[in-house]
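Undergrad: quick one: sequence plus predicted model below, questions after.
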Amino acid sequence: LAPQGGANFTDLRVTGLSGGGLTLRFTTPTEQPLNAQTDTFPFEVTAASLAAFSGSPATTTPAAVTGVQGQFVSNVVVRLLDEGGSVLSGLVAEDEANITVALVRNGADLPLCPIDNGQGCLIGTTVVPAVAGEATFGDLVVEGTAGSGFHLRFSHVFNGPETRSQDFIVFPGALALAQGAFDFTLNRFRVMNTPLGLYRLRLQNPETGAPSSGVSPDDNFVILAQLTRGGQDITYEGLRGTTSVVASYDNLTLSHGDFTDLEIVAAGGDMVLTFILNGTQGSSPNPLSTSTSAFNAAPYALRLLEQCYNGRAFNSSASLAYGAGLIDCTGAAAAGSLAGESRFGEYGYLTGYYFYEENAYIGPLLRSVRRKAKVPLIRVAAADLVSRTQTQLAASEGFVVKARLFIEGTDASDLLAGNTSAPVDAGVASFEGMSIVSGPACNASCNVTLRFELDGTLCSETWCANVSISVSPARTVPPHKLGIH
């Protein structure tokens, strides 16, 4: 009892709830009500603190991006606690114990959409009542931006206690190709060892296509270039150049990264060039990757594996930067070659096709018998810039080499018979059983050329291989001069 018949209550405490509509009622020990003006006192109880949120505040892993950029992976839940740390579970919606959320990046509040100052904005229900002590934010979306340094700040409307989330990263919703060749439906060929040109990539909203502003190198979003062949990753051995770029938003190009020096260094079919945000590999479907259509990487050049009778052949140790060129099988044989320095050396021909006179090799490349000249085996290799045979090419990939005949620069391919086209298998197309039938008269000085070209490409794209042939009247060798062979 307090002096003068009163009473003082000095240690009352309300726990487990907050809000309005509460009263204190005072009675006598026999529960007799006091004066009506003094026995009830309306009041409000405010929360002592806001609990740290639970749930994932934003897309903390790239694989969790599903649709819109900055879509939160799960609901964000904030709890109201009393001074003892217990959840105020007695709260109902009518108590209006509302929690407000704000999006902050690097210390600056971002506005609510549709207001956007170029740094992004927040979409969703930003004021939620703490029913049973919990406020659940289920539709928050960060729009128009991506990167690091974000957090959510929560405040109570009664007396302003605040809490915040840990910093998180907002991943963009999609990766798109802003510039660069991607559709090879009409022309499936890209030639190896030639620049692929500019590929410009953009991080963007998958629904609107709007670029994600605010992305800087500090966010460490890395875009990778990958090359696959038949679904297998061959980036290491098949793609040369800068294959990773740190994304940074460019206001002028509205893009985030340029690949400028990519070059395919392995021939093959069913190739696909893919750009992907690092860390999202394995996600399917993955909106943070974009690919070209399938294409064939054609060899840089064709070259003959055979050598001429006069010892001339492609220099396989030299670069083919200016084309595989011409093998000239005319002219005298080099000193010390199989042909020696005989008077017949002026007639060049491929190794393995010859006849004898007194145990000496003589004769032209082609010898007409019954108005048909058989062409000996010729092997044509698909090569890269430095003459390496592309042994990984299989016949199933569909690369075909065709033979054409030119007389004095005029196409006379109708004079070719037999095997005039051959698939490239293990990097080599073999021509066996080809022959040239009788054609227009040609004197000993006319220019006869066999050209081998990759089907579907021009000689200015994949360098063709040419063989220059000497023309000479057929020689009849008496049997007694053939020698032993």
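TA: It's in.

Undergrad: residue ranges with poor pLDDT in the stretch 351-485 of the chain?
TA: The model of the stretch 351-485 of the chain has pLDDT under 70 over residues 351-371, 438-447, 469-485.

Undergrad: where do the helices sit along the protein?
TA: Secondary structure of the chain, counting by DSSP state H: helices at 235-238.

Undergrad: where are the low-confidence patches of it?
TA: For the chain, the stretches with pLDDT under 70 are 1-6, 10-22, 29-74, 117-118, 157-160, 307-371, 438-447, 469-485.

Undergrad: please repeat the previous calculation with a cut-off of 50.
TA: 2, 43-48, 52-68, 333, 335-365, 484-485 (pLDDT under 50).

Undergrad: first to last residue in stretch 154-173, what's the distance?
TA: Stretch 154-173 has an end-to-end distance of 25 Å (C-alpha to C-alpha, to the nearest Å).

Undergrad: kindly report the same for stretch 167-179.
TA: 34 Å.

Undergrad: could I get the buried residue list for that stretch?
TA: Using 16 or more other C-beta atoms under 10 Å as the test for burial, stretch 167-179 gives 168, 169, 170, 171, 172, 173, 174, 175, 176, 177, 178. C-beta here means a position set from N, CA and C on the backbone, and glycine is covered the same way.

Undergrad: in this structure the first one contacts residue 142, no?
TA: Okay, so that is residue 168. No - the pair residue 168 / residue 142 is not scored as a contact, 9.5 Å apart, by C-beta atoms under 8 Å.

Undergrad: among the buried residues of stretch 167-179, which two are most distant?
TA: 168 and 177 (27.9 Å; C-beta to C-beta).

Undergrad: all strands of the stretch 1-150 of the chain, in order?
TA: Here the stretch 1-150 of the chain has its strands, by DSSP state E, counting those that start in this stretch, at 19-25, 40-45, 49-50, 76-81, 98-105, 108-110, 121-123, 127-129, 134-137, 141-143, 147-156.

Undergrad: in TSV, list these along with mean neighbour count.
TA: Shown next, in TSV, are the strands of the stretch 1-150 of the chain (neighbours: other C-beta atoms under 10 Å):
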stretch	mean neighbour count
strand 19-25	13
strand 40-45	12
strand 49-50	18
strand 76-81	23
strand 98-105	20
strand 108-110	14
strand 121-123	21
strand 127-129	17
strand 134-137	20
strand 141-143	24
strand 147-156	20
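
Undergrad: distance to residue 299 added to those strands, as a markdown table?
TA: Below are these laid out as a markdown table (distance: least, C-beta to C-beta, whole Å):
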| stretch | distance to residue 299 |
| --- | --- |
| strand 19-25 | 78 |
| strand 40-45 | 81 |
| strand 49-50 | 67 |
| strand 76-81 | 56 |
| strand 98-105 | 51 |
| strand 108-110 | 54 |
| strand 121-123 | 52 |
| strand 127-129 | 64 |
| strand 134-137 | 58 |
| strand 141-143 | 48 |
| strand 147-156 | 43 |
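
Undergrad: right, and these - which one's nearest residue 376?
TA: Closest to residue 376 of the strands of the stretch 1-150 of the chain is strand 147-156 (C-beta to C-beta; 66.6 Å).

Undergrad: so what are the sheet partners of the closest one and their directions?
TA: Within its sheet, strand 147-156 is paired with strand 98-105 (antiparallel), strand 162-164 (antiparallel), strand 168-170 (antiparallel), according to DSSP bridges.

Undergrad: residue 302 reaches residue 461, doesn't it?
TA: No - between residue 302 and residue 461 there is no contact under C-beta under 8 Å: 11.3 Å.

Undergrad: format the strands paired with strand 147-156 as CSV; extra columns: distance to residue 380.
TA: As requested, those are arranged in CSV below (distance: least, C-beta to C-beta, whole Å):
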stretch, distance to residue 380
strand 98-105, 61
strand 162-164, 70
strand 168-170, 54
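
Undergrad: among the ones you listed, which comes closest to residue 372?
TA: Between residue 372 and the strands paired with strand 147-156, the shortest gap by C-beta to C-beta is with strand 168-170, which sits at 74.4 Å.

Undergrad: circling back to that earlier point, which one of residue 302 and residue 461 has more residues nearby?
TA: Set residue 302 next to residue 461 and count neighbours by other C-beta atoms under 10 Å: residue 302 wins out with 27 against 17.

Undergrad: any idea how far residue 450 is from the residue nearest to the more buried one when sequence neighbours are not counted?
TA: In space, and not counting its chain neighbours, residue 302 is closest to residue 465: 4.2 Å by C-beta to C-beta, 6 or more residues apart in numbering. Residue 465 is 9 Å from residue 450, where distance means C-beta to C-beta, to the nearest Å.

Undergrad: the two: which is more packed in?
TA: A direct count of neighbours by other C-beta under 10 Å for residue 465 and residue 450 places residue 465 higher, at 28 against 25.

Undergrad: wait, doesn't the more buried one sit right on residue 451?
TA: Yes - with contacts counted by C-beta under 8 Å, residue 465 reaches residue 451, the gap being 7.4 Å.

Undergrad: of the strands of the stretch 1-150 of the chain, which is nearest residue 414?
TA: Residue 414 sits nearest to strand 147-156 of all the strands of the stretch 1-150 of the chain, at 65.8 Å, using C-beta to C-beta.

Undergrad: that closest one vs strand 76-81, what angle?
TA: 40 degrees (axes from the mean of the first three to the mean of the last three C-alpha atoms, to 10 degrees).

Undergrad: quick check: buried residues in stretch 376-396?
TA: Buried, per 16+ other C-beta under 10 Å, within stretch 376-396: 376, 378, 380-385, 387-390, 392-393.
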